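1. any chance you could fold what I've pasted below:
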Amino acid sequence: MSRTTSTLTKLRKKERETRRDLIIDAAIRLFATTPFDRVGMRDIASEAGLSPASIYRYFSNRDDLFVEALCREIKSIEHELRGLKRSSIDQIGSAFVNHLLEHDTFFKMMTHFMITGRIGEESLKKFNETERKLLDVFDGIFENAGATESARLISHAFFAALNGVLITFHNYPGRPAEDTRKHMHRLVRIISTVFSNSNALNHAVDASGGQGAAEPRN
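-> Alright, predicted model coming up:
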């Protein structure tokens, strides 16, 4: 392969990646403001300034595109948290909340999906694989803290608690944004203190029935 051909190939690949990211960014903006089931590929194409046909060159359907958007952002969170793997539970929780506060559009998209979204089996499988890697980070933190009974179950509880803080106080009325942010981090510290008590966590897992059949697969 000549140098010119190699350069053109790299440029085309870069252009394709740029356009792909453009489509994902447009999808995130729409999914953040519109219920999942009401967003179509034509809507996303219009938001991205592209033809519907061009989007199908990158994504086979809406579910595929939605999961790609989710996975891209979740991988970003995972990468950030893995860089803090020797940090405390409080630092991990604060970093997670900060990331979603700073990526507000993605947080809104994720919230819409958790409340109303349904996706096909293949797309769901890919989403679960990506989320599993994020929860692996939490698992490692709790295992190091001595929560030996069921780190994944505890990770689910921690993940849900952090998201609960974000959903509850994200747009809290009558309070300046900075005050709300400080209050949210205060709640994260309280939650992290509770989750730092390995004896209490192991006891709570035992009381809940341990790793029962109702525990989600991821």
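2. can you show me the helices along the protein?
-> 3-33, 41-48, 52-55, 62-82, 89-102, 104-116, 121-144, 151-169, 177-195, 198-208 (DSSP state H).
3. any buried residues in the shortest one, and which?
-> To tie it back to what came earlier, the one meant is helix 52-55. For helix 52-55, the neighbour count (16 or more other CB atoms under 10 Å) marks Ile55 as buried. For every residue, glycine as well, the C-beta is placed using N, CA and C.
4. residues making contact with it?
-> 19, 23, 41-42, 44-45, 48, 65 (CB atoms under 8 Å, 6 or more residues apart in numbering).
5. using PDB, write out every CA atom in it.
-> Only the C-alpha atoms of helix 52-55 are listed here, as PDB (Å, rounded to 0.1, in the frame of the first residue of the first chain):
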ATOM      1  CA  PRO A  52     -32.100   8.900   7.200                       C
ATOM      2  CA  ALA A  53     -30.300   6.700   4.700                       C
ATOM      3  CA  SER A  54     -26.900   7.900   5.800                       C
ATOM      4  CA  ILE A  55     -27.600   7.000   9.400                       C
END
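6. may I ask which helix or strand of the protein has the lowest mean pLDDT?
-> Every helix and strand of the chain was ranked by mean pLDDT, DSSP states H and E. The lowest is helix 198-208, at a mean of 80.
7. could you list the residues in contact with that helix?
-> Counting by CB under 8 Å, 6+ apart, 142, 145-150, 153-154, 194-195 sit against helix 198-208.
8. check the gap between the residue sitting nearest the centre point of the chain and Phe127 for me.
-> For the chain, the residue nearest the mean C-alpha position is Ile74 (3.9 Å; CA atoms, centre = their mean). Noted for Ile74: a distance of 8 Å to Phe127, by CB to CB, to the nearest Å.
9. Asp104 now?
-> 21 Å.
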